[in-house]
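**Q** One predicted model, sequence on top.
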Amino acid sequence: MLLNASGCLDALTAPDVARSLDAFVTKTVTPEAREGNAPVRIAETDVGMLNSIGLANPGIDRFLSRMLPQLAKLGIPIWVSVGGFAADEYAELCSRLDDEADVAAIELNVSCPNVESPAQTAAQIVATARLATRKPLWAKLSPAVPDIAEVACAARNAGADGLSLVNTIRGLKLDDRTLEPALGPGAGGLSGPALKPIALAAVHACYRATELPIVGMGGVSTGRDVLDFVAAGALHVALGTVLFADPDAPTRIRGELATELEGRDLRDLGEAHALAHGSLLAASAT
Amino acid sequence: MRRERRSVVGNEKVGPYTLLRVDRGGLEPGIPGQFFMLETPGHLLPRPMSLCLAPAGELGFLIDPIGPGTRALCTLEPGDTLVILGPLGNGFRLDVERPLLVGGGIGVAPLPYLSEALGRPPAVLGFRSDWHAEAAALVPGAQTCVEPTLVTELIPKELDVLACGPAPMLEAVRRIAPDAQLAWEAPMACGYGACYGCAVEIGGELKRLCVEGPVLHAA
């Protein structure tokens, strides 16, 4: 399944792009409305882009009353990304979404690099949210930890149904002329090609450690990138920064992926799943 | 919005700026003040450019080589291709009785096409040097000034102002002509509302300039 990464597409301003995906993931919704961070909010680097949007969103009330009914009309599954500043805020958001038939899944954004982190660990947030909803819960993790597989195992043990890997990683760019930070808030989240090897390593490690379903993301811009993530253990793949440069990316990437599979005598993407673990699994069996 | 790979058909220097002309293909020129995202050689993200000229079968963009991306765009030569997305955003409202075009620096970019659409109304343009002011030739009948004279000193009362330029100029224009239509700019990654990168404060709220603008009307 091909999705968008949270915060990388507005399905209501670009419904055709959303419909070219298999599911739409919303921008992170918080309990209260948030304006987001002060401009400048984006900057390009040699190998990716930095953003510091700061979870701009209308808040859960307006999301439920105004946006969700419109999103439901798109005709594709809607995943709602939620974020907060304490575990009970995540639980409140999950509880509000629990009865919404139009919500296919909830992604817990426990890893935004542009806002203050909650005091609780990812696992504590998952455990608290788990009590508040029966919806599938996907934990979106940061790669900026010593051992992401350990975090993933803790999230699984706390009740996560799946993992979204990975969020952006904090980076800084300085303005050419002033040598001051290019982004208003200073540092921002690095996405794009630079993130791909980091994300791929995270997917690979977390698949081996948890065998949970994984949405892989980070620098995906071609069919080959999708194949890499699936081979590393991802069940689904999400597109992020590539959507900014190319709103036609979902269709293009599907075409490239078909060619990749054909060239490798793979019947479908399922046959490629976790192929990167083949030799490792064989080695561990002997 | 439409996205097509188009060919460069012309690259001309206009003072420090470059007028990049591409064949139009199936792309609509849109309303003056709307913009396009131009694929930028060697860069991850496209760059937003308002349409400067729309001669038959072509689209013309006036580019200020201010950073690595815009410098790369200025090196494109006839025969090179680039992917173009657009037209995007909201342009100028053309139902004005006594239009006056006001431009500052590279903010002159959308005014030639706007001048055509409005039947060559009066225009006042400000530049930082005589070299920059060579771009005034693109706007028929424009009155030009060079720093230290500011373009805002040339704005007569009682006209319907349509302006594009740096933010301090637009703020000054708004003080003189509160009902002016102002075309703003901000860094953009996508141009179609996806990235939330181009947020600016509008009426006390942060809004996406690509979707709500780039031309903003008086509240």
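**A** On my side now, so go ahead.
**Q** Which parts of the chain are strands?
**A** You didn't pick a chain, so chain A it is. Ranges of strands within chain A are A:2-4, A:24-25, A:42-45, A:48-51, A:78-82, A:103-109, A:137-141, A:162-165, A:169-171, A:188-191, A:214-216, A:236-239, based on DSSP state E.
**Q** Chain B is the one I meant
**A** So, for chain B - with DSSP E - the strands run B:2-14, B:17-23, B:35-38, B:47-50, B:58-63, B:81-88, B:99-104, B:123-127, B:143-146, B:160-164, B:181-183, B:199-202, B:205-208, B:215-216.
**Q** Turn the ones you listed into TSV, including mean neighbour count and mean pLDDT.
**A** (Each C-beta comes from the backbone N, C-alpha and C, glycine too.) Output for the strands of chain B, formatted as TSV (neighbours: other Cβ atoms under 10 Å in any protein chain shown; pLDDT from 0 to 100):
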stretch	mean neighbour count	mean pLDDT
strand B:2-14	15	97
strand B:17-23	22	98
strand B:35-38	28	98
strand B:47-50	25	98
strand B:58-63	23	98
strand B:81-88	21	98
strand B:99-104	26	97
strand B:123-127	25	97
strand B:143-146	18	96
strand B:160-164	26	97
strand B:181-183	26	96
strand B:199-202	18	81
strand B:205-208	18	83
strand B:215-216	23	94
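**Q** Make TSV out of those strands and add distance to A:Gly188.
**A** Compiled in TSV, the strands of chain B are given as follows (distance: least, Cβ to Cβ, whole Å):
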stretch	distance to A:Gly188
strand B:2-14	27
strand B:17-23	30
strand B:35-38	21
strand B:47-50	19
strand B:58-63	26
strand B:81-88	24
strand B:99-104	30
strand B:123-127	34
strand B:143-146	38
strand B:160-164	28
strand B:181-183	27
strand B:199-202	14
strand B:205-208	16
strand B:215-216	26
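**Q** so what's A:Leu275 scoring on pLDDT?
**A** A:Leu275 is assigned a pLDDT of 96 by the prediction.
**Q** Identify the residues contacting it.
**A** A:Ala231 (Cβ atoms under 8 Å, 6 or more residues apart in numbering or on different chains).
**Q** do you know how far it is from B:Ala180?
**A** A:Leu275 sits 61 Å away from B:Ala180, going by Cβ to Cβ, to the nearest Å.
**Q** A:Gly36: what's its closest spatial neighbour, skipping adjacent residues?
**A** Nearest residue to A:Gly36, sequence neighbours excluded (Cβ to Cβ, 6 or more residues apart in numbering or on different chains): A:Ala56, at 2.9 Å.
**Q** what about the one you found, neighbour count?
**A** Number of residues near A:Ala56 (other Cβ atoms under 10 Å in any protein chain shown) recorded here: 20.
**Q** likewise A:Trp138?
**A** Around A:Trp138 there are 27 residues (other Cβ under 10 Å).
**Q** That one bridge partners, please.
**A** Under DSSP bridges, the beta-bridge partners of A:Trp138 are A:Glu107, A:Gly162.
**Q** That one touches A:Gly162, doesn't it?
**A** Yes - here A:Trp138 lies in contact with A:Gly162, judged by Cβ atoms under 8 Å, at a distance of 4.3 Å.
**Q** Between those two, which contacts overlap?
**A** By Cβ under 8 Å, 6+ apart, the residues touching both A:Trp138 and A:Gly162 are A:Ala105, A:Val215.
**Q** Near chain B, which residues of chain A are found?
**A** By Cβ under 8 Å from any Cβ of the partner chain, the part of chain A that sits against chain B consists of A:7-10, A:13-14, A:17, A:27, A:35-36, A:39-44, A:47-49, A:51, A:53, A:56, A:176, A:192-193, A:241, A:243-248.
**Q** Tell me which residue in the stretch 51-200 of chain A sits closest to chain B.
**A** Going by Cβ to the nearest Cβ, chain B is nearest to A:Ile53 of the stretch 51-200 of chain A, at 4.7 Å.
**Q** quick one: contacts for that residue?
**A** Shown in contact with A:Ile53 (Cβ under 8 Å, 6+ apart): A:Gly7, A:Gly36, A:Asn37, A:Arg41, A:Ile42, A:Asn114, B:Cys195, B:Tyr196, B:Gly197, B:Ala199.
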